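Asker: predicted coordinates and the sequence they were generated for:
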Amino acid sequence: MVQDFILLIVIGYIVGSIPASYLAMRLFTGKDLRKLGTGNATLTAVFLHGGKRPGIVAFIGEVAKAGICVLAAHFLVGETWASMVILVAAVYGCSWSIWLKGGGGQGLTVGVSGLVLVNPLPVLIMAAFYILPMVITRRHVLSNRLFRLSLPVILWLWYNSWQFALAGFLIVLPSFIKQFITGDDVVEVKKARSVG
């Protein structure tokens, strides 16, 4: 059990640390995401600074990382908790990548994609916490925060387990940390465009 837990963490971190967004941006534009906007190598930053093609490639890369993690957890352990452990590790690998010398994204695409692969129904409920406030208020930051705050609560209620709530909290924690330190990519681009 302990060996499986450690192996899941190592695999998750290594797979998650592959900088798909950074690589897609470099491949299509030659630009370094760490020098644009907030400096975070996020999927949102790729779409905002690189456009659709690199954004779609980055998205496919992030979803593929989540798929590899969920499949690895399934074959190694075969239980849902293992998928949560490996996804948490992948989020931290994405957020603080060894390939980007501690830089990276926020890990939400990997985490949420993985949750969809494990069970899409609770993620649909979580999505409502983004979509409804966005439709009503048109405020991305508020909607994004409500979505992230809902994630551990929905996992707790869905699986009736504090361990799943903890996994959800750990999945969204890096995004809160990164946004607190560097800001939100969408907000930063809007500010830059209004000044320009």
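Answerer: Received, thanks.
Asker: pull the longest helix from the protein.
Answerer: The longest helix of the chain (DSSP state H) is helix 52-76.
Asker: which strands or helices does that helix pack on?
Answerer: helix 2-16, helix 20-29, helix 43-50, helix 80-95, helix 108-118 (3 or more C-beta pairs under 8 Å, 6 or more residues apart in numbering; DSSP states H and E). No exception for glycine: its C-beta is placed from N, CA and C like everyone else's.
Asker: out of those helices, which one sits most buried?
Answerer: Neighbour counts (mean count of other C-beta atoms under 10 Å) averaged over each of the helices and strands packed on helix 52-76 peak at helix 80-95, with a mean of 26.
Asker: quick check: angle from that helix to helix 43-50?
Answerer: Here helix 80-95 runs at an angle of 40 degrees relative to helix 43-50 (axes from the mean of the first three to the mean of the last three C-alpha atoms, to 10 degrees).
Asker: counting by contacts, list what helix 80-95 packs against.
Answerer: helix 2-16, helix 52-76, helix 108-118, helix 162-182.
Asker: could you give the mean pLDDT of the longest one?
Answerer: With pLDDT averaged residue by residue, helix 52-76 scores 96.
Asker: tell me how far that helix lies from the chain's centre.
Answerer: Relative to the chain's own centre, helix 52-76 is displaced by 11 Å; criterion: C-alpha atoms, centre = their mean, to the nearest Å.
Asker: also the last one?
Answerer: Mean C-alpha position of helix 162-182 versus that of the full chain (C-alpha atoms, centre = their mean) differs by 10 Å.
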